[in-house]
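In: here is the input, now give the coordinates:
(chains A and B)
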Amino acid sequence: MSNEDRYYRELYLGEVKEHIARLNAIFLHLEKNKEDSEAINEAFREMHTIKGDSAMMGLEKIADLAHEAEDILADLKERKRTVSTSTIDLLLGYVDKISILVDDFAATTPGSTNPSSSSPLSESSKPESHEIAEALKSNSDGFAPKISTAKIKDLEEAIGKIHASMSRVIEDEKKAEFELKTAPIKSEGWSDLGEKSGQSRTGTGSDSAAESSDKIAELDGIFSDSGQSKAGAGHFRITILTEIEKPLRPVRAFMILKTLVENGVLLQTDPPNEQLANGEFENAVKAEVSTNDIQSLIESLKGIPGVKELKCEPISLDGGVPSEKSLLAEKIVQIDQLVSCFETQGKEESSATIRADSTKGKHRVEEIRVNISSLDRLFNLAGELVLAKSRLGNIVKQLGSPELKEVHRLIDGTVSDLQNEVMNLRLMPIGQVFGIFPRMVRDMSKSLSKEIDLIVEGGDTAIDRKILEEIMDPVVHIVRNCIDHGIETTEERVRIGKAAVGTIKISASRDASHFILNIEDDGKGIDPKAVRETAVIRGLISSKKAESMTDEEALGLICVPGFSMKKEVSELSGRGMGMSAVKSKIESFGGSLSIKSEVGKGTTITMRLPASMATLKVIIVGVGSSGQLYAIPVIDILEIVEIKKEEIRFIHGAPFINLRGNLIRLYRLAWLLGIDEGVCNAYVVIIIKRGDGRNYGLLVSEVRDEDEVAMKPIPKILREVRGFLGSAILGDGKPTFVIDVMTIAKDK
Amino acid sequence: MGVTRTEVQAITFQLDKEIYGIDVHQIKEIIKVRDYVKVPNAPGYVEGVINLRGQITPIVDLRKIFGMVQREFDENSRIIMVEFDSDVVGLIVDCVVGVVTVPIGEIVKSPSITTSPSNSFISGIIRSENQLTILIDVVKLLQEHCQVSQDGASAFKITKNVAKSEKPSASVSSPSSAEI
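Out: Below you'll find the predicted structure:
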């Protein structure tokens, strides 16, 4: 598997997914704005692009589907058909089918150069090992060949073969010439030449001539068109006006060049061959070509996606028509060059795609698509650097050299900046993946005869890509619950005097260290009484305990494994992951989940998640008699106060301190962690800031230092251990744990 | 995998008075016992965590897993690093004895041991002149003793990361792609 191959595959997948997402959005928009002809046009363009790209990748089934959808859109465009819900359904159905096929294609091992061999998608694409004839023979309508290195290799091999055959042909011919003393062959077609050689063989029985004839026949087969003189033969200057997005330019250029070379002899191009193959051209490509059939060449060129307009004018060349033999030799040289420049171009290209603003003439690079794995590597490297920087800091402190300190300060700043940048790269706005919700809400609500409006707020709020990936399943589950259990049917809503259309609001926001996601519906809400009853019936809690629970605690029961309010599993939810799985998933990376609900008014589910998995400024605290060190995120700390043992007051047995007139509840960190605290007379209280205003103090025996640590996951066999956000390595190389101040005190 | 192995190479180590063996294929490395950090509220068999070249690595006391009497670690104590569930886990043993290479045919797979689910991690017994070496499958052992909740793979894999992203919008945006 080559990089180039993967490169085109990824390019295709990335783009086609964007087109699919846009189509989904457009169709949903169309459903509400049925008269928006611009939207129809855009959908048509998107669909057309999918068709073209898929055909190029050899994914005929996708191309066919896109074609069918395109037909519907064309009808809409020409007002032969009107936009109705059923049309939208039909179109969305096409998008879904295409999406499934694309996923299938994505799922095929990228290792196989020809995904069609394992996937039924592209029966039309050709088997991997093919002869030059196949590699070069391409007809105007099915531009099936996928440009892969395998293909290029094949081409190269084939060219090698041609070279060999060519030189042998020439040699053989010379021999035959010598033996037969025949006149040099001038401008006969290859078949004639073959015949002649054949004749010469019958005349002399020369083996070499026979071989030569075979070779010629072989070559004749390859370039079958070159021998016959047809109408429309001659030299032409073709001006090809194109409109091609930058990433696709090399591919399209290759197709254009290939078509030119296959259908005739390419004399010269403007820009030159190499630049063309590198995609270094703007709109116009000029080519001078000698061909026998200009019509079919034009037709073939028209079949290339992105080709807008073709101009063709005959030109006369001095020196007459070159002999077919030299034409062939020239042609081979051209293929050779074409292949080699395409190859070098492919090598130079990294796995990153540069997306340029295609609307402007300049190559202004706006964004770069980066491979995730290299991003992850970068992230790890930055983490290591931060760690090394911390250690260096310790050494610098010990040595106390001012010069060293100065250098360290510089490194410190740079590394921090570097890390911030890397971390920002990992962040991704949620809007990019939340685009699936409008469609989901529409489809589900329709099937349940509900009317639901979806509002997404804060779509540009960014969160670590990894976390976003992880929370998608939970969020989908919750939204489904809202649609299925939360919002009433339209009929029901009207009956009870609510707005007929229900609303689901997904809003995202950030505070200092957390990403907060609210999923709110204005449905019937969750009745804590019913929850209690169900929990008792299901044997999850005793009826006595149920009574003693507050409403908020009772709502928390829906996250207990085994809890379900539904009597049966519905098609849409009830067999999903369940709220318990949602909760544990969120908590598994340091997040928390809370549920608020008011009967008859709606339910709000709030997720709080760490905004980034990356490094953290922490305060290192010592706890317990053995002086174990733990890290507390600085972000969560309001202030740090030293107190004496006597300052601790007890109210109903619970410790408090009086901080400037405010009573603050204290928790001993050692106790929360189950560590022996030893004897201690003076403490440091770390006042923890909590979103809900209920600040509290963590009692530790000492505060060591402030540090910046790269957060690492907690090893899997310790996943059950609660109260930690993650692990980290301190400046001295010792492992520590970062305390999750939001949950640690709550658990006790 | 693929090639049928004719013999097994195992690192043998001592725990109490018994000799155990672990297939070298399951072992990443062996290190001396070093300072470790205890993990509060951790399951009992997890002795603590160490920093193994930047990776927080849990270490597990095999004596505890096997229900043997505790003993202080000494200079002979070693940590055998094995791979488990794509993490590295260290197993503390009394001392490492050596390496043995045994033809597969000589490994006794006693049905009486393998049938009991509680010790299905014993993959066989090697008999030599005067002692028995119990071959253990560390993955099975850890699976049984440290129930790791398997995280279900998320259906949402975000396959791209666009450094500078477009403003997400549910409405129709002007076409940025040329008609192809």
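In: next, count neighbours for B:Leu52.
Out: B:Leu52 has 18 neighbours, counted by other C-beta atoms under 10 Å in any protein chain shown. All C-beta atoms are positioned from the backbone trio N, CA, C, and that covers glycine.
In: tell me the pLDDT of it.
Out: pLDDT, B:Leu52: 83.
In: setting the sequence-adjacent residues aside, check what's closest to it.
Out: B:Val88 (6.6 Å; C-beta to C-beta, 6 or more residues apart in numbering or on different chains).
In: contact partners for that neighbour?
Out: B:Val88 makes contacts with B:28, B:52, B:55, B:57, B:81-82, as judged by C-beta atoms under 8 Å, 6 or more residues apart in numbering or on different chains.
In: tell me which element it is part of?
Out: strand B:87-93 (DSSP states H and E).
In: how about the nearest residue to A:Ile620, chain neighbours excluded?
Out: Leaving aside its chain neighbours, A:Ile620 sits nearest to A:Arg704 (4.2 Å; criterion: C-beta to C-beta, 6+ apart).
In: same check on A:Thr242?
Out: That would be A:Gly306: by C-beta to C-beta, 6+ apart, it lies 5.1 Å from A:Thr242.
In: please report the distance of the one you found from A:Ile20.
Out: 20 Å (C-beta to C-beta, to the nearest Å).
In: give me the more crowded residue out of those two.
Out: More crowded of A:Gly306 and A:Ile20, by other C-beta under 10 Å: A:Gly306, with 22 against 18.
In: and the pLDDT for the more buried one?
Out: Predicted confidence (pLDDT) for A:Gly306: 74.
In: surely A:Ile632 is in contact with A:Ile739?
Out: Yes: in this structure, A:Ile632 is within contact of A:Ile739 by C-beta atoms under 8 Å, at 5.2 Å.
In: so which of the two has more stuff around it?
Out: Per other C-beta under 10 Å, whichever of A:Ile632 and A:Ile739 has more neighbours is A:Ile739, with 30 against 25.
In: I figured the more buried one hits A:Leu669, correct?
Out: Yes: taking contacts as C-beta under 8 Å, A:Ile739 lies within contact range of A:Leu669: 7.4 Å.
In: okay, and the helix or strand of chain B with the least pLDDT?
Out: Least confident helix or strand of chain B, by mean pLDDT, DSSP states H and E, is helix B:111-114 with a mean of 53.
In: send me the lengthiest helix in chain B as PDB with only the CA atoms.
Out: The longest helix of chain B (DSSP state H) is helix B:138-145. Output in PDB follows, covering the C-alpha atoms of helix B:138-145 (Å, rounded to 0.1, in the frame of the first residue of the first chain):
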ATOM      1  CA  VAL B 138      -0.700 -14.000  32.000                       C
ATOM      2  CA  VAL B 139      -3.500 -12.500  29.800                       C
ATOM      3  CA  LYS B 140      -6.000 -15.100  31.100                       C
ATOM      4  CA  LEU B 141      -4.700 -14.600  34.600                       C
ATOM      5  CA  LEU B 142      -5.200 -10.900  34.600                       C
ATOM      6  CA  GLN B 143      -8.500 -11.200  32.800                       C
ATOM      7  CA  GLU B 144      -9.800 -13.300  35.600                       C
ATOM      8  CA  HIS B 145      -8.400 -11.300  38.400                       C
END
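In: just the angle between it and strand B:87-93, please?
Out: 90 degrees (axes from the mean of the first three to the mean of the last three C-alpha atoms, to 10 degrees).
In: which neighbouring elements make contact with helix B:138-145?
Out: Packing partners of helix B:138-145 (3 or more C-beta pairs under 8 Å, 6 or more residues apart in numbering or on different chains; DSSP states H and E): strand B:78-84.
In: please identify the helix or strand for A:Asp53.
Out: helix A:37-56.
In: actually B:Asp74, not the one I wrote
Out: Using DSSP H and E, no helix or strand contains B:Asp74.
In: right, and chain B sits closest to which residue of chain A?
Out: As assessed by C-beta to the nearest C-beta, chain B sits closest to A:Gly431 within chain A, at 2.6 Å.
In: between the two ends of stretch A:536-552, how far is it?
Out: 16 Å (C-alpha to C-alpha, to the nearest Å).
In: could I get the buried residue list for that stretch?
Out: Of the residues in stretch A:536-552, A:536, A:541, A:546, A:549, A:551 count as buried by neighbour count, 16 or more other C-beta atoms under 10 Å in any protein chain shown.
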